[in-house]
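Engineer: Below is the sequence, then the predicted model.
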Amino acid sequence: MTTVDSSGYAPEWLTLREPADTAARAADLVALLPPSPAVIRDLGCGTGAMGRWLSGRLPKPQRWILHDQDPQLLEIAARSLPQGISVETEQADVTRLDISGTSLVTASALLDLLTKEEIQRLVKSCVDAQCPALLTLSVTGSAHLTPSDAADEALNDAFNNHQRRDGKLGPEAVAFAAAEFQRHGWTVHTRPSPWRLGPEHRELIDTWYRGFVAAAREQDATLAVPENRQITEVTVHHQDLLALP
């Protein structure tokens with residue numbers, strides 16, 4: 001996830017970040033998908049941002065199956081997808097799904113929250129079902145702040161180590177998932193998908209930075225962080241992955 005904000009995965013945070021996510025995703029990967037996907041599973045769907053972004057780029061008819069652990073988010077997402085699309089919801093562990101009969105697996109800001117074993121299970125599910133996977137907006141471990149500060153490198157390192165807690169792969173997740181798909185003989189395409197935030201993203205920058213610092217300090221309480229910092233621009237690096245059988 002791009003941040004570990006005090007609001008967690010609250011709808012307000014997901015709504016705030018959606019325009020940046022929309023601008024960042026590598027839309028050219030969609031053109032590489034096989035024609036006529038009919039059944040799409042959105043893993044960790046949140047408020048449905050991936051469905052809103054992707055459904056208009058895919059041929060119809062479409063049947064979306066939305067997965068999340070949070071019933072409130074599932075309800076919001078199910079209401080928010082465009083008219084004319086079949087929508088179902090399922091509260092389940094997204095790394096333990098039977099996806100037979102699925103045409104496409106999608107996810108956004110999910111891979112970096114998973115452990116090695118969870119990614120292996122997810123990859124195997126896709127391989128067994130011969131189902132392509134479009135996995136977007138996974139952090140890669142680098143954020144650039146303007147104006148810069150001497151504390152930035154230590155903050156970034158501590159945040160990345162926080163992302164790796166409890167066995168999660170954090171910034172290594174995309175590379176590991178790509179290698180797993182390739183081990184099964186699949187073709188993998190990756191694209192950079194950075195957030196590029198400027199003065200027009202003031203609220204998002206402030207919210208992201210508070211979460212960034214909070215996670216870093218939770219990891220390393222000795223960090224020295226400048227007070228009352230006014231950040232004008234942020235680039236948060238992500239990567240999108242498309243895996244095809």
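Structural biologist: Structure's in. What do you need?
Engineer: residues of the top helix by length along the chain that come out buried?
Structural biologist: Using DSSP state H to define each element, the chain has its longest helix at helix 202-219. Counting neighbours by 16 or more other Cβ atoms under 10 Å, one finds that the buried residues in helix 202-219 are 204-205, 207-209, 211-217, 219. Heads up, the C-betas are built off the backbone N, CA and C, glycines and all.
Engineer: Can you tell me which of these is closest to Ala31?
Structural biologist: Nearest to Ala31 out of the buried residues of helix 202-219 is Leu204 (Cβ to Cβ; 28.3 Å).
Engineer: In three-state terms, how would the closest residue in space to the closest one that isn't next to it in sequence be classified?
Structural biologist: Using Cβ to Cβ, 6 or more residues apart in numbering and skipping the chain neighbours, the partner closest in space to Leu204 is Leu16 (5.5 Å). Local secondary structure at Leu16 is given as helix here, using DSSP: H, G, I helix; E, B strand; the rest coil.
Engineer: List the contacts of Leu16.
Structural biologist: Glu203, Leu204, Thr207 (Cβ atoms under 8 Å, 6 or more residues apart in numbering).
Engineer: which outside residues touch the longest helix of the chain?
Structural biologist: With Cβ under 8 Å, 6+ apart as the test, helix 202-219 has contacts from 2-6, 13, 16-17, 20, 143, 145, 154-156, 158-159, 161-163, 165, 197, 223, 225, 229, 231, 233-234, 236.
Engineer: Using PDB, write out every CA atom in it.
Structural biologist: Provided in PDB are the C-alpha atoms of helix 202-219 (Å, rounded to 0.1, in the frame of the first residue of the first chain):
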ATOM      1  CA  ARG A 202      -2.200  19.400  -1.300                       C
ATOM      2  CA  GLU A 203      -4.500  17.200   0.800                       C
ATOM      3  CA  LEU A 204      -3.200  14.000  -0.600                       C
ATOM      4  CA  ILE A 205       0.400  15.000  -0.100                       C
ATOM      5  CA  ASP A 206      -0.300  16.000   3.500                       C
ATOM      6  CA  THR A 207      -2.200  12.800   4.300                       C
ATOM      7  CA  TRP A 208       0.300  10.600   2.600                       C
ATOM      8  CA  TYR A 209       3.200  12.200   4.300                       C
ATOM      9  CA  ARG A 210       1.600  11.900   7.800                       C
ATOM     10  CA  GLY A 211       1.200   8.200   7.100                       C
ATOM     11  CA  PHE A 212       4.600   7.800   5.700                       C
ATOM     12  CA  VAL A 213       6.200   9.400   8.800                       C
ATOM     13  CA  ALA A 214       4.000   7.500  11.200                       C
ATOM     14  CA  ALA A 215       5.000   4.200   9.700                       C
ATOM     15  CA  ALA A 216       8.700   5.100   9.600                       C
ATOM     16  CA  ARG A 217       8.600   6.200  13.200                       C
ATOM     17  CA  GLU A 218       6.800   3.100  14.300                       C
ATOM     18  CA  GLN A 219       9.700   1.200  12.700                       C
END
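Engineer: and it, average pLDDT?
Structural biologist: For helix 202-219, the mean per-residue pLDDT is 95.
Engineer: and it, how far from the chain's centre?
Structural biologist: Its chain's C-alpha centre and that of helix 202-219 lie 17 Å apart, by Cα atoms, centre = their mean, to the nearest Å.
Engineer: hey, where'd the helices end up in the protein?
Structural biologist: Going by DSSP H, the chain shows helices at 11-24, 49-54, 71-80, 116-129, 152-163, 173-183, 202-219.
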